[in-house]
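J.: Build the 3D model from these lines:
(one chain, ligands or ions: 2)
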Amino acid sequence: MHWLCGQFTALETQRNREHGTVVHLCDGILVGSGTLVNDNPRLNVRPELLVSSDSTAVLSSAPSHPRPIILDSNLRTPPTANIVLLKNRPIIVCSFNPSSTHSSDILKRQSDLEAVGVQILNLEGVSLHDNIPRILTALKSVYNINSLMIEGGSRVISSFLTLGSNAVDLLVVTVAPMFVGINGVKANDGNSIVNLSDPTYKQFGRDMVLVSKLP
Ligand SMILES: NC(=O)C1=CN([C@@H]2O[C@H](COP(=O)(O)OP(=O)(O)OC[C@H]3O[C@@H](n4cnc5c(N)ncnc54)[C@H](O)[C@@H]3O)[C@@H](O)[C@H]2O)C=CC1
Ligand SMILES: Nc1nc(O)c(N)c(N[C@@H]2O[C@H](COP(=O)(O)O)[C@@H](O)[C@H]2O)n1
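T.: Ligands and ions are numbered 1, 2, ... in the order given. The predicted structure is shown next:
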């Protein structure tokens, strides 16, 4: 993975991930299967990142980790993924019919993942792409996930942003001074302008972080 943001914004992300010790921020941290497969992220809190940063940026030495949550319809997540090896009780939200004739491969992947401690939430018959409210309700009722940080990637972020404040309480955007890629994040239908509410901006080294609400 090539990092885009600088070390101070990376540290800010770590602070946002931490939950329980200083302020209860997020019970879970969610990415799509694209990010899981491409980046193999750890999705945890890492106090060691404090080394060589400013003395005010203190994370607790024994952090409480948010639960990693992956939207992964067909269980592409390998049992050797970092989120599995770290044993922070990862949850994979999938959607398949266990009695379908094509399900033997996916059932094998399910049992391999469960054998290494992954919890599988199968929202059978539900398309994960257009049922974000249903996913949030299930995570709350089954796993007591009441607050969630959506970290990426572009397709998952687009799914949440297009629902506006029905699904998103707070938007945190890191802007690094560089141009990358050809496909951006989609935030609306393309025919209207989305005005963000109460924006605040803070500079971290060369990066800028925008925090705001959605209409
Ligand atoms: N610059 C940054 O801060 C970040 C960048 N990324 C980058 O994003 C890239 C991955 O982005 P994408 O390919 O767009 O993958 P993604 O991480 O958004 O996952 C998309 C996959 O998730 C599945 N999915 C399940 N439910 C979904 C839903 N409700 N909405 C959308 N997809 C759903 C889709 O079937 C699709 O295969 C990675 O290469 C990573 O480096 C990821 C996180 C942060
Ligand atoms: N490519 C990229 N550049 C950045 O500057 C980023 N902040 C990210 N963020 C995403 O966050 C995850 C980091 O993995 P760890 O949990 O810290 O191991 C990962 O999914 C990145 O895509 N990405």
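J.: Pull out the buried positions in the helix or strand where Met208 lies.
T.: Taking DSSP states H and E as the criterion, Met208 maps to strand 207-213. Using 16 or more other CB atoms under 10 Å as the test for burial, strand 207-213 gives 207, 209. Quick note: C-beta positions are derived from backbone N, CA and C, even for glycine.
J.: taking the mean pLDDT, what do you get for that strand?
T.: Across strand 207-213, the average pLDDT comes to 93.
J.: Show me how far it is from its chain's centre.
T.: Taking CA atoms, centre = their mean, to the nearest Å, one finds strand 207-213 lying 17 Å from the centre of the chain it belongs to.
J.: Okay, now the sheet partners of it, with direction.
T.: strand 171-175 (antiparallel), strand 197-204 (antiparallel) (DSSP bridges).
J.: Need the contact partners of it.
T.: Residues from elsewhere that reach strand 207-213 (CB atoms under 8 Å, 6 or more residues apart in numbering): 5-6, 8-9, 12, 165, 169-177, 196-203.
J.: Would you mind writing the ChimeraX command to select the buried ones in the residues you listed?
T.: To isolate the buried ones among those in ChimeraX, judged by 16+ other CB under 10 Å, type:
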select :5,8,9,12,171,174,176
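J.: Break down the protein into its strands, ranges please.
T.: Remark: strands assigned in the chain by DSSP state E are 28-32, 67-71, 91-94, 119-122, 148-152, 171-175, 197-204, 207-213.
J.: I'd like the average pLDDT over stretch 42-60.
T.: Across stretch 42-60, the per-residue pLDDT values average to 64.
J.: check contacts around the residue nearest to the spatial centre of the chain.
T.: Centroid check for the chain by CA atoms, centre = their mean gives Leu30 as the closest residue, at 2.6 Å. Listed by CB under 8 Å, 6+ apart, the contact set of Leu30 reads 69-71, 148-151, 156.
J.: Out of these, which are close to ligand 1?
T.: Filtering the contacts of Leu30 for proximity to ligand 1 by CB under 6 Å from any ligand atom leaves 71, 151, 156.
J.: ok, now which ones touch the nearest residue to the last one once chain neighbours are set aside?
T.: In this case it means Val156. Nearest in space to Val156, with sequence neighbours left out and distances taken as CB to CB, 6 or more residues apart in numbering, is Gly32 at 3.8 Å. Contacts for Gly32 (CB under 8 Å, 6+ apart) come out as 70-72, 152-153, 155-156.
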